[in-house]
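*Asks:* model this:
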Amino acid sequence: MLAKALTEAEERKCLLLLRPDFSGGIEFASRAVSFEVAPGEALDLQLFAAEDEGRTEEPSERRKREERDKGNVPKSQDMAGSAILIGGVLMLFLFGTYMVQRIGEMFSRYFGLIATQQGVFGIEELQVLMKDLFYQTGMILLPILGITIVMGVVGNLVQVGLMFSLQAIQFRADRMKPDIKKVLPVRRNLFNLLKVIVQMLIITGVAYLVIVDDFIPMLKASGMGLTQAVTIFATVALKLLLLCGVLLLIISIPDYFYQRFEYIENLKITTAEAKRERKDEEGDPLLKQRQRERAYEMRQQKNMLDEVPRADVVITNPTHYAVALRYDQLESNAPMVIAKGTDQLAFSIRKRAQQNNVPIEENPLLARTLFRDVEIGQEIPENLYRAVSVIFSRLTKFRQRAGA
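*Replies:* This next block holds a predicted model:
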């Protein structure tokens with residue numbers, strides 16, 4: 001709608017930036033789209049968007065924590081306000097008589113003091129009088145102020161929990177900037193308008209029902225004494241305020257869920273931003289994959305070195321290759337490779353073999369062939385039987401077995 005309303009001159013001044021995201025798609029940089037509204041000023045079209053183009057990913061937990069640290073949390077102002085109203089009305093109902101009596105006593109006391117002094121007060125008498133006046137007024141208002149603070153805190157704790165943020169009370173120049181989005185017909189403003197209309201209808205309806213119900217007693221109050229008349233009108237007012245507070249509290253419940261919905265919508269991010277956040281939180285996926293592969297290789301090497309003591313012979317290059325063979329007629333039909341490696345791993349295999357008195361045979365050609373053609377856990381191929389049998393025939397273990 002807004003794009004249609006722009007003049008041709010304004011459209012020529014609009015700038016649309018495109019940048020590729022990591023998934024190969026295109027992300028619209030709506031924040032860079034602006035048009036001139038006055039010399040030297042630019043208005044961000046982001047303010048006019050009910051939802052950002054491309055912001056489809058749910059906000060991460062880190063993003064929610066950052067916003068919470070800033071004091072930006074979803075809550076309904078009406079819930080805390082209606083809780084304060086209900087608490088204040090209840091305190092007036094419970095302590096109204098006490099407050100009226102205290103006010104009457106205070107007026108009687110001060111009027112009597114004025115009559116005694118004949119209206120002449122010195123500086124010291126006036127200071128004492130003002131201190132006493134503030135003290136008496138505070139004692140009268142203390143129940144109302146106390147319950148107001150308590151209900152306000154409870155109303156916010158129910159919604160956002162225990163939270164304290166210094167950033168929320170810091171001065172920020174951008175808060176002084178007019179928010180044009182508040183006057184545009186976007187979803188949030190339409191919802192708030194509907195909410196205000198419903199509240200006004202409820203207050204009007206409740207006021208009508210209460211006044212109609214107590215209309216006759218209110219008319220008769222003209223012939224009553226001051227105390228009785230005040231009691232009738234105070235009762236009607238308290239009843240009206242209490243009913244309005246309860247109904248507004250009920251309305252604030254769906255408002256709270258709507259504020260949470262809008263909060264999540266405003267925190268949504270693009271696919272590219274989601275990938276960047278995951279990368280920041282979890283690290284580079286390729287690096288983590290390499291780390292997992294390296295850890296797996298280390299476990300495999302450790303398990304392989306643990307098998308070297310069970311080998312019958314280790315065939316070496318002599319330094320660059322090492323292959324451990326084991327032959328058990330009950331387990332296999334031919335010698336089996338149980339460990340192999342090059343360079344540092346080959347050195348570890350030779351060292352483990354020396355520590356466990358496993359024979360080491362130098363045969364560069366055979367070592368390279370076994371390393372290249374036979375995997376760990378496999379039997380040697382038939383074309384290597386002769387070369388391997390020559391080595392096994394020199395081993396004391398197999399000589400004794402042959403002699404037996």
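*Asks:* The helix or strand hosting residue 135 packs against which elements?
*Replies:* According to DSSP states H and E, residue 135 maps onto helix 123-160. Packed against helix 123-160 by the contact rule (3 or more C-beta pairs under 8 Å, 6 or more residues apart in numbering; DSSP states H and E) you find helix 77-117. Glycine gets a C-beta too; all of them are placed from N, C-alpha and C.
*Asks:* tell me the mean pLDDT for the helix it packs on?
*Replies:* Averaged across helix 77-117, pLDDT comes to 83.
*Asks:* again, but for stretch 188-199
*Replies:* 85.
*Asks:* before we move on, the earlier item: tell me how far the helix or strand just after the helix holding residue 135 lies from the chain's centre.
*Replies:* Where DSSP H and E defines the elements, the next helix or strand beyond helix 123-160 is helix 187-213. On the basis of C-alpha atoms, centre = their mean, to the nearest Å, helix 187-213 sits 34 Å off its chain's mean C-alpha point.
*Asks:* send the alpha carbons of the helix or strand just after helix 187-213 over as PDB?
*Replies:* Downstream of helix 187-213, the first helix or strand assigned by DSSP H and E is helix 215-220. C-alpha atoms of helix 215-220 as PDB (Å, rounded to 0.1, in the frame of the first residue of the first chain):
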ATOM      1  CA  PHE A 215     -30.100   4.500  40.800                       C
ATOM      2  CA  ILE A 216     -33.000   4.700  43.300                       C
ATOM      3  CA  PRO A 217     -30.800   4.700  46.400                       C
ATOM      4  CA  MET A 218     -28.700   7.400  44.800                       C
ATOM      5  CA  LEU A 219     -31.800   9.500  44.200                       C
ATOM      6  CA  LYS A 220     -32.900   9.100  47.800                       C
END
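*Asks:* tell me how far helix 215-220 is from the chain's mean position?
*Replies:* Distance of helix 215-220 from its chain centroid, counting by C-alpha atoms, centre = their mean, is 56 Å.
*Asks:* Of all the residues in that helix, which ones are buried?
*Replies:* For helix 215-220, a neighbour-count test (16 or more other C-beta atoms under 10 Å) marks nothing as buried.
*Asks:* Over to stretch 312-331?
*Replies:* Quick answer for stretch 312-331 (16+ other C-beta under 10 Å): 312-317, 321-327.
*Asks:* Please flag which of these sit within strands.
*Replies:* 313, 314, 315, 316, 321, 322, 323, 324, 325, 326 (DSSP state E).
*Asks:* measure the last one to residue 366 for me?
*Replies:* As for residue 326, its distance to residue 366 is 16 Å (criterion: C-beta to C-beta, to the nearest Å).
*Asks:* For the stretch 251-400 of the chain, which segments count as helices?
*Replies:* With DSSP state H, counting those that start in this stretch as the criterion, the stretch 251-400 of the chain has helices at 271-282, 285-307, 343-355, 364-373, 385-393, 396-403.
*Asks:* Turn those helices into a markdown table, including distance to residue 138.
*Replies:* Below are these laid out as a markdown table (distance: least, C-beta to C-beta, whole Å):
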| stretch | distance to residue 138 |
| --- | --- |
| helix 271-282 | 52 |
| helix 285-307 | 63 |
| helix 343-355 | 82 |
| helix 364-373 | 92 |
| helix 385-393 | 102 |
| helix 396-403 | 101 |
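*Asks:* so which of the ones you listed gets nearest residue 337?
*Replies:* helix 364-373 (6.3 Å; C-beta to C-beta).
*Asks:* Now find how far off-centre the closest one is within its chain.
*Replies:* For helix 364-373, the distance to the chain centre is 57 Å (C-alpha atoms, centre = their mean).
*Asks:* In contact with the residue lying closest to residue 139 once chain neighbours are set aside, which residues?
*Replies:* Closest residue to residue 139 apart from its sequence neighbours, by C-beta to C-beta, 6 or more residues apart in numbering: residue 102 at 7.0 Å. Taking C-beta atoms under 8 Å, 6 or more residues apart in numbering as the criterion, residue 102 is in contact with 136, 139, 140.
*Asks:* From what I see, the first one and residue 107 are in contact.
*Replies:* Translated: residue 136. No - using C-beta atoms under 8 Å, residue 136 is not in contact with residue 107, being 10.2 Å away.
*Asks:* More neighbours: which of those two?
*Replies:* residue 136 (16 against 10; other C-beta atoms under 10 Å).
*Asks:* Spatially, which residue comes closest to the more buried one, not counting chain neighbours?
*Replies:* residue 106 (5.1 Å).
*Asks:* OK, contacts around that neighbour?
*Replies:* 133, 136, 137, 140.
*Asks:* From the residues you listed, list just the buried residues.
*Replies:* 136, 140.
*Asks:* I'd like the contacts of residue 106 laid out as CSV, including distance to residue 73 and pLDDT.
*Replies:* Output for those, formatted as CSV (distance: C-beta to C-beta, whole Å; pLDDT from 0 to 100):
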residue, distance to residue 73, pLDDT
133, 41, 84
136, 40, 85
137, 36, 86
140, 35, 85
